[in-house]
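*Asks:* Provide a 3D model corresponding to the input given below.
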Amino acid sequence: MTRLALPVALALASLAPTQDGEIARLAQRCGSEVAWAQSWQAATDRARAENRLILAYVHRYRGFQIPDTANVTIFMSPRVVELIGSRFVPLRLTDDVPAPIRAQDEYGMGPLMFGAGILLCTPGGEVVRETQTRHPAAVYGFLVDAIERCTERVLPPADVDGAKQAEWLIQRGELEAAHARVADLESERAHQLRAAIAMRRFDVETALASLQSAGDTNDRWLAELELHLRRKDFPAAARAAKRVQGEPPQAQFWRGIVAICQNQPKRAERLWSTLIERHPDDRWAWHAAAYLQAGLHQRDEPLQTEWPARALLDTARIPDFMPGDASDIDTLRGRAITALLESQRDDGSWIAPSELHGAPRHHPFVIATSAIAAQSLFPHRDVEAVDAALHRAVDFVLEHVQKGMDDPLPESFMDYTVWSDTFALWFLADCREADYGNRARIGQMMRKLVTDLRKRQKPSGGWSYYRTNDLSKEASPQTQAMSFTSAVTTIALQRAAETGIYVPKKTMGRALRCLERGRNLDGTFSYMVGHTQSTQQQLAAGSCGRNPICELALLRGERSEPKRVHEALEYFEKHRATIDKERGKVLMHAGSEGQGCHYVMFDYATAARAAAALPAEQRDQHRSWLFELVLAARTADGRYLGSPINGTAFGTAMALIAFDQLQP
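*Replies:* Residues are numbered from 1 along each chain as shown. All right, here's what the predicted structure looks like:
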């Protein structure tokens, strides 16, 4: 089983805490430096008075035993805490805190809302930026980006020198202005400040170069210590630690991290225990206490001390939406293709934002995102650059699906392997049908995927990624299936069978019967499907996005008819505004009936596939409104986004699929 190399600041979420009273008491002080407002009214009053944005933090996983570790991750990052203190009004938006943004005619936080995130709001209640990331570096970048784009510039005191002005600006996230103040200065302090700016831009080499002329000070060696950890040069980090004079708390904390990275857990424990004993009121002692309480020094897994790659950090910095023009679809399609080609990595994969939190390349989200991106490019393989990208993508999918089978990830609340299996199988079926790539390797992997999906089929006949809501207990078997998951998996299996891959009739029959049971009397589909026929009669706008793909799967299995598909699309059209309202959000199922941001682009692309299966006259009735939805998800740089949770590679691929399916 894979042992994840977790970011050091995120490595304690799944660990059992120790029971040491003093350590626990100090660990609880983590996050206490943030001056939280006590109510929405208090936050808005202060935000108006100080011309700030409100930083609303949400953590809501009702029914799930998912700990909130933000106090020891995000809100223990010195740079994030500094920035919040100087530019934002922080508010914990828990269920007992009334706020106008909860209303559906404002931002909207429905009763089924699920997830965690940071929302940046104006005092008037407009959410101007949001992120789901928990990585402190990505949060810092997100906040700096928001300051740049959503706030007025601030000016430093005029009666101090350039270096002091730069220091003042750095504390407030005005990095460009700070750099301008010291760009031409040659003092040791100026070099130190340039290094500080580079560190906040996550530019390790520039920061180290600046420090070479920063003098022999503790500030210099503490910065070098951290930077060498960021580049995973642990011997150099240890040497920098030795240059620090005395035992300042910050140095002791980082020395403990170095000891862990050099496989010296006992030394780390001694360093942190001494730090706690001597400096119990210092933030670095609280941080050390949290890590000792979580047993960080006892982990077998390696710590990921380096900052994430720039492309990963940028997943938290989303451009503004800029809707496209439906009269110029060919140009928009070409730009989407270019965006996908530019964002493909050398190994053939595309980024999934979950990689910020330690997800490896064979994580189901990475495989699924890459398979979907490749599938969206497949109709354009006559273009040389696309053809080359597709060959890389095929190799990536084949290699990493196999790696996932050989080296499974630790068990969690959800198992998204059904997603990666499904979209890998569907993409490979397209390749096999067109005789593209190594037919023998592709066929062999498709058979493995069919076998794996058969094993994952629920007793109810469909598929689901939900496992359990409590990892501390032995998971009871989940017999229910998710209708929309079952629908796309059924279609992937149908596509495999159409290319000559054996799929047992029993498997398909059970899947189709499951979908039939999920169809309600009003023609909508339930989210979860069990063993009995649904008798639900109330119209539910929350189902509008999943209905078309469910009917399409049944139509392909000869259990539906075009009329039903057409009606499902009409129902989607009627309620489409409730789906579009979730676009751009990071809090899932926040719609009034559980509509979710994470399925926006999935719903649009699958609805386009359903429309493509209709006779021309009916298909044409759905082209304009589906195009309108997809084009509203276009960002200023020509990519597409349903939610930052999925990222722009996923969103752009789904948009491209919709464009191609909706062609006249």
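*Asks:* List the contacts of residue 250.
*Replies:* Counting by Cβ atoms under 8 Å, 6 or more residues apart in numbering, residue 250 makes contact with 222, 284. Just so you know, the C-beta spots here come from the backbone N, C-alpha and C atoms, and that holds for glycine as well.
*Asks:* Which element, helix or strand, includes it?
*Replies:* Secondary structure from DSSP states H and E places residue 250 in helix 249-261.
*Asks:* mind showing which ranges of the stretch 501-650 of the chain have poor pLDDT?
*Replies:* Along the stretch 501-650 of the chain, the parts satisfying pLDDT under 70 run over 533-539.
*Asks:* Helices of that one, residue ranges please.
*Replies:* 505-518, 547-556, 562-580, 600-612, 616-632, 647-661 (DSSP state H, counting those that start in this stretch).
*Asks:* Now tabulate the ones you listed in TSV and tack on mean neighbour count and distance to residue 456.
*Replies:* Shown next, in TSV, are those (neighbours: other Cβ atoms under 10 Å; distance: least, Cβ to Cβ, whole Å):
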stretch	mean neighbour count	distance to residue 456
helix 505-518	20	11
helix 547-556	26	17
helix 562-580	19	26
helix 600-612	26	19
helix 616-632	17	31
helix 647-661	27	22
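*Asks:* Those helices: which one's closest to residue 186?
*Replies:* Nearest of the helices of the stretch 501-650 of the chain to residue 186, taken as Cβ to Cβ: helix 647-661 at 41.4 Å.
*Asks:* the helices in the stretch 1-150 of the chain, which residues?
*Replies:* Shown for the stretch 1-150 of the chain, the helices assigned by DSSP H, counting those that start in this stretch span residues 21-27, 40-50, 78-87, 136-150.
*Asks:* Just the buried positions in the shortest one, please.
*Replies:* Think helix 21-27. Within helix 21-27, the residues that count as buried by 16 or more other Cβ atoms under 10 Å are 23, 26-27.
*Asks:* quick one: that helix to chain centroid distance?
*Replies:* Relative to the chain's own centre, helix 21-27 is displaced by 32 Å; criterion: Cα atoms, centre = their mean, to the nearest Å.
*Asks:* where do the strands sit along the protein?
*Replies:* 6-7, 53-60, 88-92, 115-121, 127-131, 303-304, 481-482, 528-529 (DSSP state E).
*Asks:* Would you mind telling me which of the ones you listed is nearest residue 108?
*Replies:* strand 127-131 (9.6 Å).
*Asks:* Find the residue closest to residue 393 in space, skipping its chain neighbours.
*Replies:* Nearest residue to residue 393 in three dimensions, chain neighbours excluded: residue 374, at 3.6 Å (Cβ to Cβ, 6 or more residues apart in numbering).
*Asks:* how far away is the one you found from residue 392?
*Replies:* Distance of residue 374 to residue 392, computed by Cβ to Cβ, to the nearest Å: 9 Å.
*Asks:* What of residue 442?
*Replies:* 15 Å.
*Asks:* Compare neighbour counts for those two and give me the winner.
*Replies:* The residue with more neighbours, out of residue 442 and residue 392, is residue 442; 22 against 17, by other Cβ atoms under 10 Å.
*Asks:* list the contacts for the more buried one?
*Replies:* Residues in contact with residue 442 (Cβ under 8 Å, 6+ apart) are 394, 398, 428, 431-432.
*Asks:* ok, now with 10 Å
*Replies:* By Cβ atoms under 10 Å, 6 or more residues apart in numbering, the contact set of residue 442 is 394, 397-398, 427-429, 431-432, 435-436, 499, 501.
*Asks:* Low-confidence regions, the protein specifically.
*Replies:* Across the chain, the ranges flagged by pLDDT under 70 are 1-20, 473-477, 533-539.
*Asks:* longest helix anywhere in it?
*Replies:* In terms of residue count, the longest helix belonging to the chain (DSSP state H) is helix 384-406.
*Asks:* That one - contacts with which helices or strands?
*Replies:* helix 329-343, helix 364-377, helix 417-433, helix 439-456 (3 or more Cβ pairs under 10 Å, 6 or more residues apart in numbering; DSSP states H and E).
*Asks:* separation between residue 151 and residue 619?
*Replies:* Distance check for residue 151 against residue 619: by Cβ to Cβ, it reads 46 Å.
*Asks:* ditto for residue 564
*Replies:* For residue 564, the distance to residue 619 equals 15 Å [Cβ to Cβ].
*Asks:* residue contacts, the residue in the chain sticking out farthest from the centre?
*Replies:* Relative to the C-alpha centroid of the chain, counting by Cα atoms, centre = their mean, residue 159 is the outermost residue, at 44.2 Å. By Cβ under 10 Å, 6+ apart, the contact list for residue 159 reads residue 165.
*Asks:* picking that back up, of all the strands of the chain, which one comes closest to residue 314?
*Replies:* Judged by Cβ to Cβ, the one of the strands of the chain that comes nearest to residue 314 is strand 127-131, at 11.6 Å.
*Asks:* Any buried residues in that closest one, and which?
*Replies:* Buried, per 16+ other Cβ under 10 Å, within strand 127-131: 127, 129-131.
*Asks:* okay, those in TSV with distance to residue 570 next?
*Replies:* Listed next are these as TSV, based on distance: Cβ to Cβ, whole Å:
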residue	distance to residue 570
127	31
129	35
130	32
131	36
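*Asks:* Taking those, tell me the two that lie furthest apart.
*Replies:* The span of these, defined through Cβ to Cβ, is set by 127 and 131 at 11.3 Å.
*Asks:* Please name the residues that touch the residue nearest to residue 393.
*Replies:* By Cβ under 10 Å, 6+ apart, the neighbours of residue 374 are 340, 344, 348-350, 381, 386, 389-394, 396-397, 423-424, 427-428, 430-431, 653.
*Asks:* Quick check: it vs residue 312, distance?
*Replies:* Taking Cβ to Cβ as the measure, residue 374 falls 20 Å from residue 312.
*Asks:* how about the helices in the stretch 151-300 of the chain?
*Replies:* Under DSSP H, counting those that start in this stretch, the stretch 151-300 of the chain gives helices at 162-171, 175-182, 188-200, 204-211, 218-230, 234-243, 249-261, 265-278, 283-294.
*Asks:* In a markdown table: those, plus distance to residue 92.
*Replies:* Shown next, in a markdown table, are the helices of the stretch 151-300 of the chain (distance: least, Cβ to Cβ, whole Å):
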| stretch | distance to residue 92 |
| --- | --- |
| helix 162-171 | 23 |
| helix 175-182 | 28 |
| helix 188-200 | 25 |
| helix 204-211 | 33 |
| helix 218-230 | 29 |
| helix 234-243 | 35 |
| helix 249-261 | 26 |
| helix 265-278 | 26 |
| helix 283-294 | 18 |
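*Asks:* Among those, which comes closest to residue 624?
*Replies:* Nearest to residue 624 among the helices of the stretch 151-300 of the chain is helix 175-182 (42.9 Å), distances taken as Cβ to Cβ.
*Asks:* Show me how far the closest one is from its chain's centre.
*Replies:* Distance of helix 175-182 from the chain centroid (Cα atoms, centre = their mean) equals 31 Å.
*Asks:* next one: stretch 159-178
*Replies:* Averaging C-alpha positions (Cα atoms, centre = their mean) puts stretch 159-178 32 Å from its chain's average.
*Asks:* Buried by neighbour count: which residues of that stretch qualify?
*Replies:* Within stretch 159-178, the residues that qualify as buried are 162-163, 165-175, 177-178, counting by 16+ other Cβ under 10 Å.
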